[in-house]
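# test case, fold it:
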Amino acid sequence: MVLYINTQDQKQISVSLKKEGKIVDSLTEENEYGSQVLLPLIEKILKKNKMDYGDIEGVEVETGPGSFTGLRVGVSVANALGFSLGIPVNGKKIETELHY
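Modelled structure (predicted):
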């Protein structure tokens, strides 16, 4: 399973579990300081799916556009998980349309 972290909106944090590119489960939480709920939200989705950190095969993290502080928290947590678990971390950028 791949853990997907989306912190582009500083106040709304989303985490998902993906298998073969498809979302298996997703949780979202809102908080004035979204960064405070990221790690508990990861714990919650893992427990809900009867998984532990060792079951994560990779991490995808949103890279923007969005809140600089929110994105920085998400990327930092993703990198820490990747480093500590010895798994790959990949950035994902939401495609946006430009209208001129």
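
# list the buried residues in the worst-scoring helix or strand of the chain on mean pLDDT.
Least confident helix or strand of the chain, by mean pLDDT, DSSP states H and E, is strand 89-92 with a mean of 85. For strand 89-92, the buried set under the neighbour-count rule, 16 or more other CB atoms under 10 Å, comprises Val89. Placement of C-beta: from N, CA and C, glycine included.

# what helices or strands is it leaning on?
Applying 3 or more CB pairs under 8 Å, 6 or more residues apart in numbering; DSSP states H and E, one finds that strand 89-92 makes contact with strand 58-62, helix 68-85.

# for those, which one ends up most surrounded?
Each of the helices and strands packed on strand 89-92 was scored by mean neighbour count; the highest is strand 58-62, a mean of 21, by mean count of other CB atoms under 10 Å.

# what lines up beside that one in the sheet?
Strand 58-62 has the following strand partners under DSSP bridges: strand 2-9 (parallel), strand 89-92 (parallel).

# got the angle between the first one and helix 68-85?
Just to be clear, that refers to strand 2-9. If you take axes from the mean of the first three to the mean of the last three CA atoms, to 10 degrees, strand 2-9 sits at 160 degrees to helix 68-85.

# can I get the CA coordinates of strand 2-9 in CSV?
Taking C-alpha atoms only, strand 2-9 is exported to CSV below (Å, rounded to 0.1, in the frame of the first residue of the first chain):
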residue,chain,number,x,y,z
VAL,A,2,1.1,3.6,-0.7
LEU,A,3,0.3,6.3,1.8
TYR,A,4,-0.9,9.6,0.1
ILE,A,5,-0.6,12.8,2.1
ASN,A,6,-2.4,16.0,1.1
THR,A,7,-1.7,19.1,3.2
GLN,A,8,-2.1,21.7,0.5
ASP,A,9,-4.9,23.4,2.4
